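Engineer: sequence and computational prediction follow.
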Amino acid sequence: MDQPHALLVSSPGLGHLIPILELGNRLSSVLNVHVTILAVTSGSSSSTETEAIRAATERKACEIMELPSVDIDNLVEPDATVITKIVAKMRAMKPAVRNAVKSMKRKPIVMIVDLFGTELMSLADDVDDLTAKYVYIASHAWLLALVVYLPVLDKMVKGEYVEIEEPLKIPGCKPVGPKELIESMLYRSDRQYIEFLRIGLEIPMSNGVLVNTWEELQENTLTALREGGELSRIMKVPVYPIGPIVRTKRPVKKPICILEWLDMQPERSVVYVCLGSGGTLSFEQTMELAWGLELSGQRFVWVLRKPASYLGVSSSDDEHVSASLPEGFLNRTSGVGLVVTEWAPQVDILSHGSIGGFLSHCGWGSVLESLTKGVPIVAWPLYAEQWMNATLLTEEIGVAIRTSELPSKRIIGREEVASLVRKIVAEEDEEGKKIRVKAEEVRVSSERAWTQGGSSHRSILEWAKRCSLVS
């Protein structure tokens, strides 16, 4: 008898592709189903995506089809936001996705799209045997609650969200103000706001939602989404927390200098600094961050990004990252710190026993990679839903400290940087001790969720039975 077939569709961008690849790997390994992934790539800047697809193909867990990118220049304004471009590309890819699915010899019985692919769910009506359509939220339950509640807020809030004075009350979540909302919500006149409004209406039209969190981490929000009350009446469909689903360590074919350097450092003594693939900083902020790391007196590994292009949106930072560091910085911190300007194996770094903290942009993938290793976080949110993530980590979960102001709003000075780093890594800091204890509790909780009979293991089996992937 043929294996049941699940179809996953990824939006463009490494941050969207990797979660879908990892979800496919998990479905294949846990449920023993055939998984096909349709990867819509960015096009001009897809080298990192191509590498991720190549690595996933080597694992042979899923069949991966890379769909050629389409030109959307005539569909969006030249200054359109990244989110607007992603949604426009997914909309334009609809015929290609339909043709790819119809050409499959083995028809899928379930389709899973990510947050920006909800418009593709209508394709399920055109394909024989495809009877179920689900949305995968690669982020947390707060984000899901906010997006599906947005149509209610749209009628309730007067004027621009950026101007609200009282925090918004969302069922199952702490009240959120302009500093916690997703960036795409702040201005109604922006096309990306309209797209999020549409997505909020379309998610409840699915057969259910998979979320990359787990029951014990976000019990209050998950309860609000599922059990009575206003939010669950809006949601209408089942919510399945199946996280944490994160990248796993890959076999190392040759020695990596970062890991060799970490081998020589004391346990839990190093802060890892990485602001994501798109996390470039201004010249002034890079200087202050460097001075702060030096002033802290703590060991560090700093992945200092070169200016990045993402879906055609270019950074305006200096081309040579080393030139943006204080004069003599590399010499003064030699032996104490390590600056890396190329790719770094983040999962391996966070898994290393010498890592004691993570200064992070708070992308949810990076957050989960940190939490599953028991590494506390210095929250440095830059864009998208990272503002909300930072609030969740500090005020509800208790595994992080954050900057006094959003780094996107003002320069974070060297003294504050030094204080944050010392607090999260130095053993004698009392606040830091509480955060480190909590981080370890979350690590244990994340492991239990995916043990046999754990909350996420039960949840994925319940979902699989519902859509006939297992009997």
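Structural biologist: On my side now, so go ahead. Numbering: from 1, shown residues only.
Engineer: quick one: contacts for Tyr134?
Structural biologist: If a contact means CB atoms under 8 Å, 6 or more residues apart in numbering, then Tyr134 has Val110, Met111, Ile112, Val113, Ser206, Asn207, Gly208, Val209, Leu210, Trp463, Cys467 as its contacts. Placement of C-beta: from N, CA and C, glycine included.
Engineer: inside strands: which ones of those residues?
Structural biologist: Val110, Met111, Ile112, Val113, Gly208, Val209, Leu210 (DSSP state E).
Engineer: so the first one touches Ala132, yeah?
Structural biologist: Yes - distance between Val110 and Ala132: 4.3 Å, which falls inside the contact criterion (CB atoms under 8 Å).
Engineer: between these two, which one's more packed in?
Structural biologist: For Val110 versus Ala132, the count of surrounding residues by other CB atoms under 10 Å is larger for Val110: 25 against 19.
Engineer: who's that one bridged to?
Structural biologist: Beta-bridge pairing of Val110 under DSSP bridges involves Ala6, Ala132.
Engineer: all numbers from here: first residue = 5
Structural biologist: Okay, residue one is now 5; in that scheme the one you just asked about reads as Val114.
Engineer: which residues in the stretch 155-304 of the chain form helices?
Structural biologist: Ranges of helices in the stretch 155-304 of the chain, per DSSP state H, counting those that start in this stretch, are 195-206, 223-230, 233-239, 261-267, 287-300.
Engineer: format these as JSON lines; extra columns: distance to Arg462.
Structural biologist: Supplementary listing: these in JSON lines, determined by distance: least, CB to CB, whole Å:
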{"stretch": "helix 195-206", "distance to Arg462": "27"}
{"stretch": "helix 223-230", "distance to Arg462": "13"}
{"stretch": "helix 233-239", "distance to Arg462": "20"}
{"stretch": "helix 261-267", "distance to Arg462": "36"}
{"stretch": "helix 287-300", "distance to Arg462": "43"}
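Engineer: got those helices as TSV, with mean pLDDT and mean neighbour count columns?
Structural biologist: Below are the helices of the stretch 155-304 of the chain laid out as TSV (pLDDT from 0 to 100; neighbours: other CB atoms under 10 Å):
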stretch	mean pLDDT	mean neighbour count
helix 195-206	96	19
helix 223-230	96	21
helix 233-239	94	17
helix 261-267	94	15
helix 287-300	95	20
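Engineer: any idea which of those gets closest to His38?
Structural biologist: The closest of these to His38 is helix 195-206. By CB to CB, the value is 26.8 Å.
Engineer: can you tell me what sits against that closest one?
Structural biologist: Under the criterion CB under 8 Å, 6+ apart, residues 80-81, 84-85, 87-88, 91, 119-120, 122-123, 125, 151-155, 158, 186, 188-191 lie in contact with helix 195-206.
Engineer: go again with 7 Å.
Structural biologist: Helix 195-206 has contacts (CB atoms under 7 Å, 6 or more residues apart in numbering) with 84-85, 87-88, 91, 119, 122-123, 125, 151-152, 154-155, 158, 188-189, 191.
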